[in-house]
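Colleague: Any chance you can model this:
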Amino acid sequence: MKRLSSVALLALSGCVSPQPTEVPQRRAVAAEVTPNRNAISNFAPRAAARVARSNTSVAADFLDLSFRMESGRTIPVFSRFEGPVRVALSGNVPGTATRDLSALLGRLRGEAGIDIAQTSGADANIVVQFLPRATMQAAVPNAACFVVPRVASWDEFRAARGTSKIDWTTLTVRDRAAIFIPSDVAPQEARDCLHEELAQALGPLNDMYHLSDSVFNDDNFNAVLTGFDMLVLRTTYARDLHSGMTRAEVASRLPAILPRLNPSGGGVSLGGGVTTPRDWISAVETALAPARPTARAVLAHSGRLPSRRPTAGPTIAAPLPIS
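Modeller: Got it, this is the predicted structure:
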């Protein structure tokens, strides 16, 4: 996921004024707070991990994830893909990407219950395009990767940026989306991007710092989709929901959905969720930016380190150099 709350995209020519466009993204962070990307974490299809918290907590987070952008903007109606989802790879595709996508799609089918598969044709609903990092970050600075709706290529994105076409808050149903991932980064970084951005293309567009058990969290320490994430996606595609529903309508269905999907979580009592103050988020984003070499020291000194940290002492090292 992950990430800036809002960015100003550069205009295509000097005669066009830049306009803000918000894109869900995985934020690039300083090397000293990023786990070693030289060691690749493998994953395989498996049963969904048990979610060790109440369905009341899951329901509150699901609503905030689904009806709010990272900047705090409200999303007026619920949206998802209605029908089978097909995913294609394009651009300078790394040698590991096809295998990684196949494994991830297998998990999404088995754990989230989504009818999703890879395609090489024009029937793709989601296109994952690999391009040079410098090209990508010229449009969205500090993004490790990002996802936009209603387009299927970088050229379409460039033509649409600064317009409502790629504004997620204007969607009532999802039919197309493009994910942009650097082609010149370590395989682990590309895989992390694939997990988070495909999850956001399919479901929640928000990131929340208090989610210690999710990739929908700006600290980037959960690199692959967790049991909580799969529960959120399974809920997103539950038969009880459909695109165009309001927050109140979705909330009214959750007491029936979540106990069915997560029996160990008990019943659902709807109430307020946890909200992270915007100034706190801004301070963390600034401190974690790659241009600040003492990011971890600054945060530690201020007592503002994100709650999520590596649980088993990974080697801390700079990312692989760009070729």
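
Colleague: what about the strands in the stretch 101-250 of the chain?
Modeller: 116-118, 126-131, 143-149, 177-182 (DSSP state E, counting those that start in this stretch).

Colleague: any idea which of those strands scores lowest on pLDDT?
Modeller: For these, mean pLDDT drops lowest on strand 143-149, to a mean of 93.

Colleague: other SSEs contacting that one?
Modeller: strand 25-27, helix 133-139, strand 177-182, helix 187-202 (3 or more C-beta pairs under 8 Å, 6 or more residues apart in numbering; DSSP states H and E). Heads up, the C-betas are built off the backbone N, CA and C, glycines and all.

Colleague: Mind giving me the packing neighbours of the last one?
Modeller: In other words, helix 187-202. strand 25-27, helix 97-112, strand 126-131, strand 143-149, strand 177-182, helix 227-236.

Colleague: ok, now the third one?
Modeller: Helices and strands touching strand 177-182, as assessed by 3+ C-beta pairs under 8 Å, 6+ apart, comprise strand 126-131, helix 133-139, strand 143-149, helix 154-160, helix 187-202.

Colleague: For residue 236, find the nearest of the ones you listed.
Modeller: In terms of C-beta to C-beta, the element of those nearest to residue 236 is helix 187-202, at 7.0 Å.

Colleague: Just want the angle from the closest one to helix 97-112.
Modeller: 50 degrees (axes from the mean of the first three to the mean of the last three C-alpha atoms, to 10 degrees).

Colleague: any idea of the mean pLDDT for helix 187-202?
Modeller: 94.

Colleague: Could you do stretch 87-100 as well?
Modeller: Per-residue scores along stretch 87-100 average to 96.

Colleague: give the contact list for residue 211.
Modeller: Residues in contact with residue 211 (C-beta atoms under 8 Å, 6 or more residues apart in numbering) are 61, 217, 228.

Colleague: The last one is in contact with residue 212, isn't it?
Modeller: No: no contact is recorded between residue 228 and residue 212 when judged using C-beta atoms under 8 Å, the distance being 9.3 Å.

Colleague: neighbour-wise, which of those two wins?
Modeller: Using other C-beta atoms under 10 Å as the criterion, residue 228 and residue 212 rank with residue 228 on top: 26 against 15.

Colleague: List the contacts of that one.
Modeller: Residue 228 is in contact with 51, 53, 58, 211, 213, 214, counting by C-beta under 8 Å, 6+ apart.

Colleague: Need the residues you listed in JSON lines (columns: distance to residue 197 and pLDDT).
Modeller: Below are the contacts of residue 228 laid out as JSON lines (distance: C-beta to C-beta, whole Å; pLDDT from 0 to 100):
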{"residue": "51", "distance to residue 197": "22", "pLDDT": "85"}
{"residue": "53", "distance to residue 197": "25", "pLDDT": "85"}
{"residue": "58", "distance to residue 197": "22", "pLDDT": "95"}
{"residue": "211", "distance to residue 197": "17", "pLDDT": "84"}
{"residue": "213", "distance to residue 197": "19", "pLDDT": "78"}
{"residue": "214", "distance to residue 197": "14", "pLDDT": "85"}
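
Colleague: I'd guessed residue 64 sits against residue 205; true?
Modeller: No: Residue 64 is not in contact with residue 205 according to C-beta under 8 Å; the separation is 10.8 Å.

Colleague: So which of the two has more stuff around it?
Modeller: Neighbour totals were compared for residue 64 and residue 205, and residue 205 leads with 25 against 20 (other C-beta under 10 Å).

Colleague: shaky segments in the stretch 201-323 of the chain?
Modeller: Where the stretch 201-323 of the chain drops to pLDDT under 70, the residues are 218-223, 271-323.

Colleague: residues contacting residue 235?
Modeller: 58, 62, 241, 254, 257, 258, 261.

Colleague: did I read that right, the first one in a helix?
Modeller: Put plainly, it is residue 58. Yes: assessed with DSSP: H, G, I helix; E, B strand; the rest coil, residue 58 lies in a helix.

Colleague: Tell me how many other residues surround residue 256.
Modeller: Neighbourhood size, residue 256 [other C-beta under 10 Å]: 11.

Colleague: element containing it, please.
Modeller: Assessed by DSSP states H and E, residue 256 sits inside helix 247-261.

Colleague: Could you list the buried residues of that helix?
Modeller: Neighbour-count burial for helix 247-261, counted by 16 or more other C-beta atoms under 10 Å, picks out 247, 250, 251, 253, 254, 257, 258, 261.

Colleague: Skipping its backbone neighbours, what lies nearest residue 114 in space?
Modeller: residue 108 (4.9 Å; C-beta to C-beta, 6 or more residues apart in numbering).

Colleague: same for the helix holding residue 256, what does it pack against?
Modeller: helix 55-66, helix 227-236.

Colleague: looking at these, which is buried most?
Modeller: Comparing the helices and strands packed on helix 247-261 by mean neighbour count (mean count of other C-beta atoms under 10 Å), helix 227-236 comes out on top with a mean of 24.
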